[in-house]
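Asker: Build me a structure from this.
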Amino acid sequence: MKRILSVAAATLCSVVALNAAADWPQWQGPDRTGMSKETGLLSAWPATGPAVVWTATGLGNGYGSMAVVGERVFAQGTRRGRSTVVAYNRADGKEVWSKALGSAGDDDRGPGPRGTPTVDGDRLYALTEGGDLACLKTDGTELWQRNILRDFNGPQIRWQISESPLVDGAHLIVSPGGSGAGMVKLDKMTGKTVWTSKDLSDAAGYSSPIVADVQGVRTYFTFTSSAGVGVRASDGKLMFRYPRAANGTANITTPIYSDNKVFFTSAYDTGAGLVDLSVQNGEVKAKEIYFTREMKNHHGGVVLVNGYLYGFNDSILTCLEFATGKMMWRDRSVGKGSVMFADGHLYLQGENNIVGLAEASPAGYKEKGRFTIADKGLPSWAHPVVSGGRLYVRNQDSLVAYDIKAK
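Answerer: You can find the predicted model right below:
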């Protein structure tokens, strides 16, 4: 009997570990890099695309991506004039609960939240387009809420707040864009303010922060309305600004950090820069390595795979060598879109409703399949997610799960 119980317990632990490894708990995945560690996925798709596992409709308008954790899929949408978090059953797509957080916003790009929920243990953090920041239990129970625009005197930006909150240990990082509060650190359990970045007063961009240890100095990187910035995690001190990769319209792409270097890119006829980071007297100093106009990335993000960057230069999928900025290839692919990586491949979602699969190789573009999703009348800007052998594609109020496990 003991042996049977031991084997059962080991099997359960293995299943739990497997599910945890396949989770996608926040914007751009476990490490905020857009990279999945999953293997055993289809290396090519049928002409009609992968098989549909389930379709959920009625999520509500919005451009945010999904968090996939345990038995749930979490996303944000507009319902009855309210900005709402919705939880679905991962197995069959049935709605489990929803929670309205604040008034929904609208603009010339359509209504709804632009951010992705962040799941941390049994808690979920969500930031709405109107600045309502909430901490919920993953069963939908509200624990605390505050409005970061009101509390930190941040201005609403043209196309509304689009940030996905960052959890770092015991803390939560968001960017209200207020005077002396361009970025703030909160206690994740209570929502209380830990520090505000006194020397950073930029209005918010449309980007989301990342965290890295730079030669022993823990640092938050984000893209504000006017610069790529590095902020010291311990006290909120602004350590550097890099304005060259910023445009005056919308800085959207999440920074890419690797090997004491950080990459910023934006569209609107601007480009991208790689910045070398070094530490002097406990502060991170920045020096440009190169600037290129071969990666003017709009909304779709960039992934770094084995020393090469993949992302859309305006509407052209482009591969650059990370260290030098050298262009390796470019291809029209699915048209301007978003990108993520899993199992040797790029998963692409074009803004004109085409989803594609291509090899991630600096040798050239090799497409391995594509299919079309329903036209919702607005750009298909939500980033796709790969988790647990499934591809999740969101387009406004529709969320579809596809089976991409290799047979």
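
Asker: in this structure, what spans have low per-residue confidence?
Answerer: 1-21 (pLDDT under 70).

Asker: where do the helices sit along it?
Answerer: Taking DSSP state H to define them, one finds helices in the chain at 2-22, 148-151.

Asker: Would you enumerate the residues in contact with residue 122?
Answerer: 137-138 (Cβ atoms under 8 Å, 6 or more residues apart in numbering). C-beta here means a position set from N, CA and C on the backbone, and glycine is covered the same way.

Asker: Distance of it relative to residue 281?
Answerer: Distance from residue 122 to residue 281, counting by Cβ to Cβ, to the nearest Å: 40 Å.

Asker: again, but for residue 102
Answerer: On the measure of Cβ to Cβ, residue 102 and residue 281 end up 42 Å apart.

Asker: what's the answer for residue 368, then?
Answerer: 50 Å.

Asker: Compare the two (neighbour count), which wins?
Answerer: Neighbour totals were compared for residue 368 and residue 281, and residue 368 leads with 15 against 5 (other Cβ atoms under 10 Å).

Asker: so the more buried one makes contact with residue 345?
Answerer: Yes: in this structure, residue 368 is within contact of residue 345 by Cβ atoms under 8 Å, at 6.6 Å.

Asker: what touches both of the two?
Answerer: By Cβ under 8 Å, 6+ apart, residue 368 and residue 345 have these common neighbours: 43, 357-359.

Asker: Of these, just say which sits nearest to residue 56.
Answerer: Proximity of the shared contacts of residue 368 and residue 345 to residue 56 (Cβ to Cβ) peaks at residue 357, which lies at 22.4 Å.

Asker: dump the residue contacts of the closest one.
Answerer: Residue 357 neighbours (Cβ under 8 Å, 6+ apart): 42, 44-45, 345-348, 367-370.

Asker: before we move on, what about residue 317?
Answerer: 310-311, 330-334, 339, 346, 348, 358, 365.

Asker: which one is residue 213 nearest to, not counting chain neighbours?
Answerer: Using Cβ to Cβ, 6 or more residues apart in numbering and skipping residues adjacent in sequence, the residue nearest residue 213 is residue 219, 7.4 Å away.

Asker: Excluding sequence neighbours, find me the nearest residue to residue 139.
Answerer: That would be residue 97: by Cβ to Cβ, 6+ apart, it lies 6.9 Å from residue 139.

Asker: In ChimeraX, select just the buried ones from the contacts of residue 317.
Answerer: Buried residues within the contacts of residue 317, by 16 or more other Cβ atoms under 10 Å, are selected in ChimeraX with:
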select :310,311,330,333,334,339,346,348,358,365
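
Asker: could I get the contacts of residue 317 as a markdown table with distance to residue 133?
Answerer: Output for the contacts of residue 317, formatted as a markdown table (distance: Cβ to Cβ, whole Å):
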| residue | distance to residue 133 |
| --- | --- |
| 310 | 32 |
| 311 | 29 |
| 330 | 39 |
| 331 | 39 |
| 332 | 39 |
| 333 | 36 |
| 334 | 34 |
| 339 | 28 |
| 346 | 32 |
| 348 | 31 |
| 358 | 36 |
| 365 | 40 |
